[in-house]
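Peer 1: I need the structure of the sequence given here:
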Amino acid sequence: MGLLIIVLVVIVLAVVIAVALVAGGYNKLVTLRNRYKNAYAQIDVQLQRRYDLIPNLVEVAKGYIKHERETLEAVTQARNIAYAAAKAAAANPGDASAMKNLGSAETGLAGTLGRLLMVTESYPDLKANQNMMQLTEELTSTENKISFARQAYNDSVMAYNTDREVFPSNLIAGLFHFGPAELFIIEKPEAKQAPKVSFS
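Peer 2: Residues are numbered from 1 along each chain as shown. This next block holds a predicted model:
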């Protein structure tokens, strides 16, 4: 009888420890998932601010660069595509395809905005316009905030993905269907090309 009680106590203790480990692992994965979702929400705030600034920037530029209608339309179209992609990503930041679409849309938007800002350099009156200077400054500040928020998000995703891949969390992640999260990467083609130096 005494041996049976000891065996039962050991079994109950083992079950309690196993449940505690599973619950602890599950709770940690939920915490890390919520952390990267919150980090994405910070990106979303800054992206929304930029999306709100772009139409104002285009309107100010319209009065000065009438011959550049194609550039202005490209910026507006890229902004709308990025806005839609951001809304899809905000609905589920863990969705890999939504994050990849957002990264692609943001790459396109960055390219068209860069072209617009290069065009404005050719118009001294536009460059000197107070509204344009203020909008450009706000846009630059917002871009910096987006970069910092993106870094925080990517750090949170990395912590989550690492935890869901290591033992024993990987067992819990598989059991409760914790999928991988996607990093938010914006491709910048100019960053991949080495600068060309010429001494001629």
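Peer 1: centroid residue for this structure?
Peer 2: The residue lying closest to the centre of the chain (Cα atoms, centre = their mean) is F184, at 4.1 Å.
Peer 1: The helix or strand hosting V60 packs against which elements?
Peer 2: Using DSSP states H and E, V60 sits in helix 2-62. Packed against helix 2-62 by the contact rule (3 or more Cβ pairs under 8 Å, 6 or more residues apart in numbering; DSSP states H and E) you find helix 69-91, helix 96-120, helix 130-165, helix 169-175. Every residue, glycine included, has its C-beta placed from N, CA and C.
Peer 1: That helix versus helix 69-91: what angle between them?
Peer 2: 160 degrees (axes from the mean of the first three to the mean of the last three Cα atoms, to 10 degrees).
Peer 1: okay, the angle between helix 2-62 and helix 130-165?
Peer 2: Going by the same axes, to 10 degrees, helix 2-62 makes 160 degrees with helix 130-165.
Peer 1: coming back round to it: and L4, which of the helices and strands packed on helix 2-62 is closest to it?
Peer 2: helix 169-175 (31.0 Å; Cβ to Cβ).
Peer 1: Can you tell me what sits against that closest one?
Peer 2: 22, 25-26, 28-29, 163-165, 178 (Cβ atoms under 8 Å, 6 or more residues apart in numbering).
Peer 1: buried residues in that helix?
Peer 2: Within helix 169-175, the residues that count as buried by 16 or more other Cβ atoms under 10 Å are 169, 172-173.
Peer 1: backbone phi and psi for Y123, please?
Peer 2: Per-residue torsions, Y123: phi -120, psi 90 (degrees, to the nearest 10).
Peer 1: Tell me the predicted confidence for it.
Peer 2: pLDDT recorded at Y123 is 83.
Peer 1: Identify the residues contacting it.
Peer 2: Y123 neighbours (Cβ under 8 Å, 6+ apart): 64-65.
Peer 1: Recalculate using a threshold of 10 Å.
Peer 2: Listed by Cβ atoms under 10 Å, 6 or more residues apart in numbering, the contact set of Y123 reads 61, 64-65, 67-68, 129, 132.
Peer 1: which of those tops the neighbour count?
Peer 2: A61 (24 neighbours; other Cβ atoms under 10 Å).
Peer 1: so what's it up against?
Peer 2: Applying Cβ under 10 Å, 6+ apart, the residues near A61 are 68, 71-72, 75, 116-117, 119-120, 123, 126, 129, 131-132, 135.
Peer 1: just A128 next, same as before
Peer 2: With Cβ under 10 Å, 6+ apart, A128 has no contacts at all.
Peer 1: roughly how far apart are it and A39?
Peer 2: 39 Å (Cβ to Cβ, to the nearest Å).
Peer 1: next one: Y51
Peer 2: Counting by Cβ to Cβ, the gap from Y51 to A39 is 19 Å.
Peer 1: And I172, by the same measure?
Peer 2: Counting by Cβ to Cβ - I172 and A39 are separated by 22 Å.
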